[in-house]
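A.B. asks: fold the following, please.
(chains A and B)
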Amino acid sequence: MPFPLLTSIIFLPLLGGVLILFTPKDKTGLMKSIATAATGLALVLAVILVVKFSCGDTEMQFVERLPWIPQMNINYHLGVDGISIGLVFLTALLGFFACVGSYGIKERQKEYYFLYLLLNTGMLGTFLALDLFLFYVFWEIVLVPMYFLIGIWGGPRKEYAAIKFFIYTLAGSVFMLLSILALYFTSDPHTFSMLELAKSGNTLAKSFQIILFVGFYLGFAIKVPVFPFHTWLPDAHVEAPTPISVLLAGVLLKMGGYGFFRISFPILKDAAIYFALPFAILGAINIVYGAFVAMAQTDFKKMVAYSSVSHMGFVMLGLASMTVTGFNGALMQMFNHGVITGGMFLLVGVLYDRAHTRDLNKFGGLGSKMPVYSGILIVFTLASLGLPGLSGFISEFMSLMGGFAAFKLITIISVLGIIITAGYFLYMVQRVLLGPLNPVWFNIGDINKREIFTLVPLMIVIIAIGVYPLIILNYQSPAIANLIRHIGGALF
Amino acid sequence: MNVVLSLKYFLPELILTGFALAVLILGLFVKRRAVLGVFCLLGILSAISFMPQSYRATAPLFSNMLINDSFSEFFKEITLLVMGLVILISMGYKAFSDEDAGEYYFLLMAVAVTMMIAVSSNNLMMIYIALEAVSLISYILVAFLKRDNLSSEAGLKYFLFGALATGVMLYGISFIYGLFGTTDLAAISRTLTAGNANIFAATIALILILAGLSFKCALVPFHMWVPDAYQGAPTPITAFISAGPKAIGFAILIRIFLKNFFPLFPNWSELVSVIAIITMTAGNILAINQENIKRMLGYSSIAQAGYILIGFVVGTALGIQGVMFYLLAYVLMNLGAFGCVVLVSNIIKNDYIEEYSGLSKREPALAFLLTMFLLSLAGIPPLAGFFGKFLVFAAAIQSKYYILAIAGVANSVLALYYYVKVVKFMYLDEPRTSAEGRDRPRVMIAEPKKHGFISVEAGAVKLALIIALAGILIIGLFPAPFLSWISLSLL
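C.D. replies: Okay, here's the model as predicted:
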């Protein structure tokens, strides 16, 4: 039996978490080391996975399959392909750097690191599961640590934000569960395997597919989040501690988008084609509405949170296009947004740790006091607003290009979002970094080495993809082309 | 089968009866509940070891009054599991005085015997008698804190509602006797299958029987006794009545309605599905605003019965498996939750949810255990409660009961709120200083005498909690062997 690489990636963090439970309470340094080692090892394994992955192959790779509940044909079935590999790498990457970014947490560290590592296991499992039951279990496991992480270590309205997040996402996912069950009972022989169902799902009547699609949609759209299900997001992001915001924006939102790629579109393709127009419209609303709301924010973190709503709109638009370009753009946008927004939240955290406020109007002229911080912040800002040469531009451009082929007017409206995005990001830079120095911040210190350590690798990824996007496209294009062929979309 | 031949199938019940009588006598001399509890546990264990595992074959006993089949064995095992855990939890409950321990354990052992007879009864009269016996003992146990007004009130309410419900049930049975000329379930089943019965009258009679069983399972509209009885009863007994009689009620429901009266299925299924939806919705909505955790868990157990009822209404093999699996998970997680309540009430001297503030700092292990049980009740994977829900919803989807499934999942979301509310108090809120705390002790706490075995008593509850936690984890993560066991135990 080959080395179970995927299982190791998923369960290494949990193993670390269990070790932490047995660590004496006062040895916080040891806990940090264990957590860092566990997420670091998971990252190393993820890098090995990326290196060993065969790009041209559209089949599932590193497959592990063991019977789990044979009475219901439920299997422990893992695998990775071009669609999931980027997200697995993203999760491992952010999981490690957000862990390093967690060193600032001073309270109840034992519980924190245990829950943090459990969260990592849930997220990695979600992207690697190929059995719908297993997928659902991992999907739900994510909710519990997230509830505590927001609720215990969060900001002033943490309790409200935490329970809202929990109930909102559970409400979506239970309907997904019903759709999963309906798929199971309509398949013959009954199966929860995503791969089997992708082959047999198109035999279902279109009307039935539409109902199932809506069930999945509720689960995924709430996670993405798609307008009008986005209201949990600003609350959760703003109240969550910095590293958790990073994972929320960087990874959790992608679970929804990934669900569309892995489950909704391949299995229920007639319904997916049927819903293309609503997807495009919702995508455009996300882009433009999210950008306008972000512009109105005075809280730095809330602004970044709404910018996520806006950026995830490109994923919806790319998906709606039913073209290879659009799909590639959408999938890449998830990766890029994860890296860029993860970095943005880390930067917000850096500022908040020093200033203890996030009110944009209270800053000013910090550029002179925090030159290194300013430089990094400007890179991330420019990446976020889609400057060519940085990663965000590539994926947004591809989503729009795909979208334009299918929905001209909607895409034209969506492009406006980019202008507004540039507007609010530059306005933020102006208020924080430029202008006369607010004397309150006379003694503010610049970014420290640990924080630079967490941000620089993300910056390298952003620039590398921005200059040479093939490093990611090589991985995902064959799988995307295969998916489009399966659905019957346009192959360009 | 005649009386003498039947006895070998009846050994577990006989052993329990022997131990019950022995503990009553032993209680006169030994005034230590730890000792008596351990003695009773020995009884439970020996009864388990004499469960007729090997004779999976169906055997009618005592002139067809009882039947020994794999289905009744499953529920006998559940009964013994419940009683074992309840005995362990009782050992650590401080509000009891050791004086009454013998009597108390006698009643627990006796109710175990009656429950085992109830699940194996194959005759409506036998079912009625066994259920009445379970009820009578339960009334006494609920009112066991003689000096506590709430406990006496709870006992009286439980008794009044119970008397009404079983009266209605007996009325239904009299109709059945009038229609079929017998109360033997097998004979009735033969007549029904042959098609020579007055379907309409039989349905009416069946619905009257449903009333009596609804009381046992705490289904709407026979749920009104639940919050008061749960709150007033000694907590281990609350745990018991939330798990034991409910499991028995469902076993008998399945035996009567799905096995022997199955030809009438179309006549009652719609009614019962409406009851299921109302039961879970009412339970959940009423639970949200409860301040007392025992009342909250009471309403939650009503809602849980609603989910279980989904599997019953569907009535397919998968549905019945769902009911049985759910009950197995339910007894573990509910007894676990009440066990935690016992330990917390030993510390904070009352049951108000607000008083659970900051429990994770004072008692991290206890807070963790209660969180796990509540999350399991809420149906979060990979705990056992999730797989139970999964099975009943799967059964509903398989048989195209989409509205039931949607009502079930919507209710699961609703329920999350109040389960997590307790977790919020324990983990998210700071501990209150004692000045802030409400000063309303529920009963006079009889502080246990200082002797060396104190830790045994607290340890017993912890043992019960560890068993329950291990149960919900193992059953949730590896349900396959349990599913096999259950599918062997189907009717």
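A.B. asks: any bit of stretch A:159-178 sitting next to chain B?
C.D. replies: Yes: using Cβ under 8 Å from any Cβ of the partner chain, a contact is recorded between stretch A:159-178 and chain B, made by A:159, A:162, A:163, A:166, A:167, A:170, A:171, A:174, A:175, A:177, A:178. C-betas here are computed from N, CA, C, even on glycine.
A.B. asks: and stretch B:148-165, how far out from the chain's middle?
C.D. replies: 18 Å (Cα atoms, centre = their mean, to the nearest Å).
A.B. asks: tell me which other helices or strands the helix or strand of chain A with the lowest mean pLDDT touches.
C.D. replies: Sorting the helices and strands of chain A by mean pLDDT, DSSP states H and E puts helix A:366-369 at the bottom, at a mean of 83. Counting by 3 or more Cβ pairs under 8 Å, 6 or more residues apart in numbering or on different chains; DSSP states H and E, the packing neighbours recorded for helix A:366-369 are helix A:371-384.
A.B. asks: in whatever helix or strand comes next after the helix it packs on, what's buried?
C.D. replies: Following helix A:371-384 in sequence order, the next helix or strand is helix A:391-406 (DSSP states H and E). Residues A:391-404, A:406 are the ones in helix A:391-406 that count as buried (16 or more other Cβ atoms under 10 Å in any protein chain shown).
A.B. asks: pull the residues that contact whichever helix or strand comes after helix A:391-406.
C.D. replies: Later in the chain than helix A:391-406, the nearest helix or strand by DSSP H and E is helix A:408-432. Residues outside helix A:408-432 that contact it (Cβ atoms under 8 Å, 6 or more residues apart in numbering or on different chains): A:280-281, A:283-284, A:287-288, A:290-292, A:294-295, A:300, A:303, A:307, A:310, A:313-314, A:317, A:351, A:360-361, A:363-364, A:366, A:377-378, A:381-382, A:384-386, A:396, A:400, A:403-404.
A.B. asks: could you list the buried residues of stretch A:340-358?
C.D. replies: Buried, per 16+ other Cβ under 10 Å, within stretch A:340-358: A:340-352, A:354-355, A:358.
A.B. asks: still on that earlier bit, now the buried members of the contacts of helix A:408-432.
C.D. replies: By 16+ other Cβ under 10 Å, those give A:280-281, A:283-284, A:287-288, A:290-292, A:294-295, A:300, A:303, A:307, A:310, A:313-314, A:317, A:351, A:360, A:363-364, A:366, A:377, A:381-382, A:384-386, A:396, A:400, A:403-404 as buried.
A.B. asks: tell me which element the residue in chain A that chain B sits nearest to falls in.
C.D. replies: Nearest residue of chain A to chain B (Cβ to the nearest Cβ) works out as residue A:174 at 3.7 Å. Assessed by DSSP H and E, residue A:174 sits inside helix A:158-186.
A.B. asks: give me the mean pLDDT for that helix.
C.D. replies: Across helix A:158-186, the average pLDDT comes to 91.
A.B. asks: before we move on, what about stretch B:166-179?
C.D. replies: Mean predicted confidence for stretch B:166-179 is 92.
A.B. asks: same check on stretch A:16-28?
C.D. replies: For stretch A:16-28, the per-residue pLDDT averages 88.
A.B. asks: wait, what's in contact with residue B:283?
C.D. replies: Contacts of residue B:283 by Cβ under 8 Å, 6+ apart are B:220, B:223, B:299, B:300, B:301, B:302, B:303, B:304, B:305, B:306.
A.B. asks: just give me the neighbour total for the last one.
C.D. replies: So that's residue B:306. 28 (other Cβ atoms under 10 Å in any protein chain shown).
A.B. asks: same thing with the fourth one?
C.D. replies: As a burial measure, residue B:300 scores 26 neighbours (other Cβ under 10 Å).
A.B. asks: where's it, which helix or strand?
C.D. replies: Applying DSSP H and E, one finds residue B:300 within helix B:293-314.
A.B. asks: now for the residue in the stretch 51-200 of chain B that chain A sits nearest to: which residues touch it?
C.D. replies: As assessed by Cβ to the nearest Cβ, chain A sits closest to residue B:74 within the stretch 51-200 of chain B, at 16.2 Å. Neighbour list for residue B:74: B:324, B:485, B:486, B:489 [criterion: Cβ under 8 Å, 6+ apart].
A.B. asks: and it, how far from residue A:315?
C.D. replies: Counting by Cβ to Cβ, to the nearest Å, the gap from residue B:74 to residue A:315 is 49 Å.
A.B. asks: how about residue B:152?
C.D. replies: Distance from residue B:152 to residue A:315, by Cβ to Cβ: 63 Å.
A.B. asks: how about the helices of the stretch 151-300 of chain A, start to end?
C.D. replies: With helices called from DSSP state H, counting those that start in this stretch, the stretch 151-300 of chain A shows them at A:158-186, A:194-200, A:206-223, A:232-239, A:242-247, A:253-259, A:265-267, A:269-274, A:276-295, A:300-321.
A.B. asks: make TSV out of these and add distance to residue A:115.
C.D. replies: Putting those into TSV (distance: least, Cβ to Cβ, whole Å) gives the following:
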stretch	distance to residue A:115
helix A:158-186	12
helix A:194-200	28
helix A:206-223	19
helix A:232-239	15
helix A:242-247	9
helix A:253-259	17
helix A:265-267	32
helix A:269-274	35
helix A:276-295	29
helix A:300-321	21
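A.B. asks: perfect, I'm done here.
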